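Asker: Need a 3D model of the following:
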Amino acid sequence: MNPLNDPAVVYLRALLSDRLHRLRAADEDERSLGASAIEWAIITAILVGVAVAIGAVVKGRIDKEVSNIK
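Answerer: Numbering: from 1, shown residues only. Model prediction:
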């Protein structure tokens with residue numbers, strides 16, 4: 001069976017095709033709104049990365065202290 005004929009892949013291709021068509025047909029104002037959304041997504045991804053890094057450091061220190069108690 002061809003994996004590209006899988007219903008999930010067909011749906012994803014149709015969804016992406018529709019998004020690309022809308023993006024190409026959009027006015028300049030709509031494109032700037034999309035750019036703003038992308039900027040927010042990048043900022044959010046950076047903040048999530050920082051939060052994960054801080055969480056990893058805190059977990060490491062807690063695990064170290066727990067091992068010292070035992």
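Asker: what about Val10, neighbour count?
Answerer: As a burial measure, Val10 scores 11 neighbours (other C-beta atoms under 10 Å). For glycine as for every other residue, the C-beta is placed from the backbone atoms N, C-alpha and C.
Asker: measure it to Lys59 for me?
Answerer: 41 Å (C-beta to C-beta, to the nearest Å).
Asker: do Thr44 as well
Answerer: Taken as C-beta to C-beta, the span from Thr44 to Lys59 is 22 Å.
Asker: swap in Ala37?
Answerer: 32 Å.
Asker: do Ala51 as well
Answerer: Taking C-beta to C-beta, one finds Ala51 at 12 Å from Lys59.
Asker: Now do the contacts for Asp18.
Answerer: Contact partners of Asp18, counting by C-beta atoms under 8 Å, 6 or more residues apart in numbering, are absent.
Asker: what's downstream of whatever helix or strand it lives in, the next helix or strand?
Answerer: With secondary structure defined by DSSP states H and E, Asp18 is part of helix 7-25. Downstream of helix 7-25, the first helix or strand assigned by DSSP H and E is helix 28-69.
Asker: can you give me how far that next one is from the chain middle?
Answerer: 11 Å (C-alpha atoms, centre = their mean, to the nearest Å).
Asker: low-confidence ranges in this structure?
Answerer: Low-confidence segments of the chain (pLDDT under 70): 1, 26-35.
Asker: gap between Val48 and Ser36?
Answerer: Applying C-beta to C-beta to Val48 and Ser36 gives a distance of 19 Å.
Asker: count of residues packed around the residue nearest to Arg13 when sequence neighbours are not counted?
Answerer: Nearest non-adjacent residue to Arg13, counting by C-beta to C-beta, 6 or more residues apart in numbering: Leu4, 8.0 Å away. Applying other C-beta under 10 Å, we find 8 residues neighbouring Leu4.
Asker: Then Val9?
Answerer: Neighbours around Val9, by other C-beta under 10 Å: 12.
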